[in-house]
Each structure stands twice: as structure tokens, then as C-alpha cells.
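A.B. asks: sequence and computational prediction follow.
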Amino acid sequence: MTSQKFRVVSHRDAYRFAFDSLTKQGVSGSDAKNTAEGLVDADLCGVDTHGIQRIPIYCQRLELGLISANPRITVDNITPVCAHIDGDDGLGFVVATKAVEVATDRAKDFGFAISGIKRSTHFGMARFYIQQVVDSGFAAIVMTNASPSLPPWGSKRPIFGTSPIAIGFPNPSGENHFLLDMAPSVAARGKIRKAMRAGERIPEGWALDAEGRHTTDPSEAVKGVVLPIGGPKGSGIAMALDIFSGLITGAGFAGAVGDQLKVFDRPQNVGHFIFVLNPEIFVGPDEYKARFLEWELSVVNAPPAEGVKRVYLPGQIETENKKERLVKGIPYLEKDVQALNEFADECGIPPLTC
């Protein structure tokens, strides 16, 4: 593995860079704020594949009209607890946040609610949305589909995306919420592209090349497919996510979602599916609190296996990363900072400062 140089950027400057880039493309202040916060939150959590390095491609698609800078998002009230949302090809952060707000507001009255979304775009880190829900005291399941990169088990043809599912439950203590955010693939494509930029190999079992052969060369992996977790089990999860997010919502499905990095003749038509639940609905607030805290202690106090220092809740490592990086700054690959600053120069905005 090659030795990499990093540059540290404050979260405030990373946010400013993202905000300025988006408003330069005509995105409103409120929508740019929402999107910049989502991108920087990913970098703070250590999920830098979904952070500000995405800005250049978002801006290119905004300039081409493939992402709507000022979308007219519409909400069709199918039932009191079911909303069908047309994102009008807006930034995924904006569309999904609207869908979260709609579902959460209705769950306050009815105990649960669902938003099904079509005509959206890449929405970044799924944790960003379950965090919004648990901060309101509700539980959530958030799904999205994505452009084809993962095959049905046994095939070499990409049909499904590395589509994440995120599940969140609020911790009554106010800390260490349950924040599970996972893709059905062994690794995100963004990690493979990052390894390619860094001149590094990828682990065996991450991907196949275009001929369906296992490869550790990231440049060959991006021409082929990523592999699912757990073999056919991960493949089945990817299929289910595509049905929930695409097939039943009216969005693209079965390979029809456009690749934001490759397809420039049409919008992506990404679909999302958001379920919000009042976690106290069955047992009441006091019992939920007692039961969750008991559950939490049973997990984090479980004796570690050999070679393991401690047991974490899902999302806890990312939360600790965020606390540290808010103080110390966000480390970015030097090559990535250089590329982003070249983009800043083209846009006429101040560069990232390190």
C-alpha cells in the first residue's frame, strides 16, 4: 500500500466550499445549505466517499440541467399515512429531506408513515436522514436504489446498485442512537474509486472485472461489478431494495437508474423509500426508555472476543469520528484537495484552506 499524504480542512471551510459551489449553479441558499450539511456530515463521520468530493459531479449535472437547481417537489397524499413524492430531479438531499419531513409529521399523528419517492438523484449518506428522524424521537428505515453496479448472484451483469438501507432508533439517553447504515455490497464503489486515485490495490472479494473474474485492481473493478455481502443473501437484499425504492415508487429499477458519472443524456430517476415509526407506540415512553437502555447495556457490555478492544453500537464509531473531526478538522487525501481546489478556481470561488 502506498503512503498517502493528507491535508486537514475545518468542517466550516468544507461547508463553505460546498455551499459556494452549489449557489454558483443557481441552487437556493436553503437547498445549498441542506446539501452542504449532508456532504460535510459524511466527511465528519469518516464516510468520505459520500462527502464534498461529490461536488464537481453534482455541479456538472446541475449545469447540464440533469439536476434541477430549483425543483418543484410535489406530494401526492395517497392515504393519511402514505405520500408519493415527485422530486422533479432535484438534489437528492433536498428531495429526501422533504420526504423525511412529510413522513415524520404524519407519524406524529398516526404512529407511522411512509414516503415513496421518484425522480430524485444521488442523496449521499443514508445516515443523514435517519439522524434527522431519531433527532425528532422517531425510528426510521431509509432506502434508496442506485445505478447498476452489482449483479444478481451468479451473474457478471450489473443490474442493481450498491443501494444502502439505513435503520435508526432513538436512544432515550440522547446519545449513542442506533444508526445502522449499510450497503448490500462488500464495499462501496466510492471506496474502489478512492483506491484507484490513491494508486492502491483493493482486497480480494470486493469486485469482479468486466469478464467476471476476481480482481484486486481498482481500475479493472470499476469496469466490472462489485460483489454482495454474504453471496446470495446480499444479492437478495439488493433486489428487495430495488423493489422498494424503484419498482413500487415509479422510479428507475432493474438497471434503469442513470449513473451520475457516466450517463449524461437523461436524469438519474433515483427512487427512495422512507418509513418513520413512533418507537413508543406499543409499550409507551417509559417502558421504551427502560427497555432500550437495558438493550444498549447488553450490547456494549458484551465481553469482547480475542483481539477486540470494545463492542460498538451501529453508527457509534462514525459518531465518535464526528466529535473528533469537529475539533481537529477533516483529513482529505492531498490529491483530492488539489482536485477540488482546481474545481474551485474554475468556479471562481475561494479554495479549501488547510
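C.D. replies: Structure received. Numbers count the residues shown, from 1 in each chain.
A.B. asks: how far does the lengthiest helix in the chain sit from its chain's centre?
C.D. replies: If you go by DSSP state H, the chain has its longest helix at helix 92-110. Centroid separation for helix 92-110 versus its chain: 17 Å, with C-alpha atoms, centre = their mean, to the nearest Å.
A.B. asks: next up, the contacts around Val100.
C.D. replies: 115, 129, 132-133, 140, 142, 274, 276 (C-beta atoms under 8 Å, 6 or more residues apart in numbering). (Each C-beta comes from the backbone N, C-alpha and C, glycine too.)
A.B. asks: likewise for Pro267?
C.D. replies: Taking C-beta under 8 Å, 6+ apart as the contact definition, Pro267 lies against 66-67, 89, 119, 121, 258.
A.B. asks: after the helix or strand of the chain with the lowest mean pLDDT, which helix or strand is next?
C.D. replies: In the chain, no helix or strand scores lower on mean pLDDT, DSSP states H and E than helix 189-198, which sits at a mean of 84. Note on helix 189-198: by DSSP states H and E, the next helix or strand toward the C-terminus is strand 207-208.
A.B. asks: work out the gap between the next helix or strand after that next one and the centre of the chain.
C.D. replies: Downstream of strand 207-208, the first helix or strand assigned by DSSP H and E is strand 214-215. Put simply, strand 214-215 sits 26 Å off its chain's centre (C-alpha atoms, centre = their mean).
A.B. asks: now the helix or strand just after strand 214-215: buried residues?
C.D. replies: Once the chain leaves strand 214-215, the next helix or strand it forms, by DSSP H and E, is helix 218-221. By neighbour count on 16 or more other C-beta atoms under 10 Å, the buried set for helix 218-221 is 218, 220-221.
A.B. asks: show residues contacting helix 218-221.
C.D. replies: Taking C-beta under 8 Å, 6+ apart as the rule, helix 218-221 contacts 192-193, 195-196, 200-202, 206-210, 215.
A.B. asks: which single one of those is nearest to Val95?
C.D. replies: For those, the residue nearest Val95 by C-beta to C-beta is Arg193; the value is 24.2 Å.
A.B. asks: ok, and the closest non-adjacent residue to the closest one?
C.D. replies: In this structure, Arg193 finds its nearest non-sequential neighbour in Val222, 6.5 Å apart by C-beta to C-beta, 6 or more residues apart in numbering.
A.B. asks: residues contacting the one you found?
C.D. replies: 189, 192-193, 196.
A.B. asks: just the helices from the stretch 1-150 of the chain, written as ranges.
C.D. replies: Along the stretch 1-150 of the chain, counting by DSSP state H, counting those that start in this stretch, helices occupy 11-24, 29-45, 55-63, 92-110, 127-134.
A.B. asks: let me see the mean pLDDT of the first one.
C.D. replies: Yep, that's helix 11-24 we're talking about. Regarding helix 11-24, the rounded mean pLDDT is 98.
A.B. asks: so which elements touch that helix?
C.D. replies: Applying 3 or more C-beta pairs under 8 Å, 6 or more residues apart in numbering; DSSP states H and E, one finds that helix 11-24 contacts helix 29-45, helix 55-63, helix 334-347.
A.B. asks: circling back: which ChimeraX command selects the buried ones in the contacts of Val100?
C.D. replies: Remark: buried members of the contacts of Val100, expressed as a ChimeraX selection using 16+ other C-beta under 10 Å:
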select :115,129,132,133,140,142,274,276
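A.B. asks: and of the contacts of Val100, the nearest to Ala96?
C.D. replies: Comparing the contacts of Val100 against Ala96 with C-beta to C-beta places Tyr129 closest, at 5.5 Å.
A.B. asks: ok, the nearest residue in space to the closest one that is not next to it in sequence - contacts?
C.D. replies: In this structure, Tyr129 finds its nearest non-sequential neighbour in Val142, 4.6 Å apart by C-beta to C-beta, 6+ apart. Residues near Val142 by C-beta under 8 Å, 6+ apart: 96, 100, 126, 129-130, 133, 165-168, 272-275.
A.B. asks: what about 7 Å?
C.D. replies: 126, 129-130, 166, 274 (C-beta atoms under 7 Å, 6 or more residues apart in numbering).
A.B. asks: tell me the pLDDT of it.
C.D. replies: 98.
A.B. asks: ok, what's across the strand from it?
C.D. replies: On the basis of DSSP bridges, Val142 is bridged to Ala166, Ile274.
A.B. asks: return the distance of it relative to Thr104.
C.D. replies: Going from Val142 to Thr104 by C-beta to C-beta, to the nearest Å gives 12 Å.
A.B. asks: what of Glu204?
C.D. replies: For Glu204, the distance to Thr104 - C-beta to C-beta - is 42 Å.
A.B. asks: good, we can wrap up now.
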